[in-house]
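1. dropping a prediction and its sequence here:
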Amino acid sequence: MSTRARILEEAARLVAESPNGEISTRAVCEAAQVGAPALYRHFGDKEGLLSAVVDHGFDKYLATKRQRGESADPIEDLRNGWDSHVEFALQNPNLYRLMNSPAMRTPPAAALESHRILTKDLERAAAVGRLRLAPELAAQMVMSANVGVALMLVARPATFRDTSTSRRVRDAVHAQIFTPDAAGAPTDADGTGATSSGASVPSTAARLSALLRQTPDPALSPAEGALLTEWLNRLSNAPRDR
């Protein structure tokens, strides 16, 4: 095992075993049997080390998502993605708190990849007309709610003891971003999933935007394509309480 890998493994172990997730570079150096210069040479500083620890741990979770691949149903993939995210947090509480700590000024690469995977699944949902919003906005809503629930379950276990909390929040968020048929609500007689709030217009706009992103129309110039995307996103993201 290389010196870098040994430092990383020992740092990850100390984070997992710490009562509050806090570790010192001195303890890491002692555990890895290296001097401080070696640690700083490989990781720059403590923040660099902790960022590498987060990437190292979360990469194991992402590996399962990469291996599983995509199913034929993006909605089911998104439900499973939420649940597996929470499960990872519960199994790795210190690592998860560290990953979402305000002290981490630079987002770990694993967190950015997780967001990209989420956005891609939402783009698939939009392309088949099952998303009310633009995928980028929907991804922000899902990720913020998913992380919020996971952090509360990890940080406040005595308060958040109901195991159904995560599922209830998941379904509530999904009801806001998916069309009624995808979210499990009844559709209109014509089967379009349109409701009195006019959800068919936002979902149609989101779908067209996703399809154009997948296969740009050569009839449009880059400037025209960008303008059309802006209009479609504005339609798909418009508030529905007007």
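-> Done, it's in.
2. pull the CA atoms of stretch 225-232 into CSV?
-> Output of stretch 225-232 as CSV, limited to C-alpha atoms (Å, rounded to 0.1, in the frame of the first residue of the first chain):
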residue,chain,number,x,y,z
GLY,A,225,-31.3,27.4,-29.2
ALA,A,226,-30.1,29.1,-26.0
LEU,A,227,-33.1,31.6,-26.2
LEU,A,228,-35.6,28.7,-26.7
THR,A,229,-34.1,26.8,-23.7
GLU,A,230,-34.4,29.9,-21.6
TRP,A,231,-38.1,30.3,-22.5
LEU,A,232,-38.8,26.6,-21.9
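3. quick one: buried residues of that stretch?
-> 225, 229, 232 (16 or more other CB atoms under 10 Å). To be clear about C-beta, it is placed using only N, CA and C from the backbone, and glycine gets the same treatment.
4. now do the phi/psi pair for residue 131.
-> phi -120, psi 130 (degrees, to the nearest 10).
5. let's have the chain start at 238 instead
-> New numbering, starting at 238: the last item is residue 368.
6. how close does it get to residue 340?
-> The gap separating residue 368 from residue 340 is 34 Å, by CB to CB, to the nearest Å.
7. more crowded one of the two?
-> The neighbour comparison of residue 368 against residue 340 (other CB atoms under 10 Å) goes to residue 368, with 30 against 8.
8. and residue 321, what element?
-> Under the criterion of DSSP states H and E, residue 321 resides in helix 311-328.
9. can you list the domains in this protein?
-> Domain assignment for the chain, taken from automatic domain parsing, gives 238-281, 296-474.
10. want to throw those domains into TSV with mean pLDDT and distance to residue 287?
-> Output for the domains of the chain, formatted as TSV (pLDDT from 0 to 100; distance: least, CB to CB, whole Å):
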stretch	mean pLDDT	distance to residue 287
domain 238-281	92	8
domain 296-474	82	6
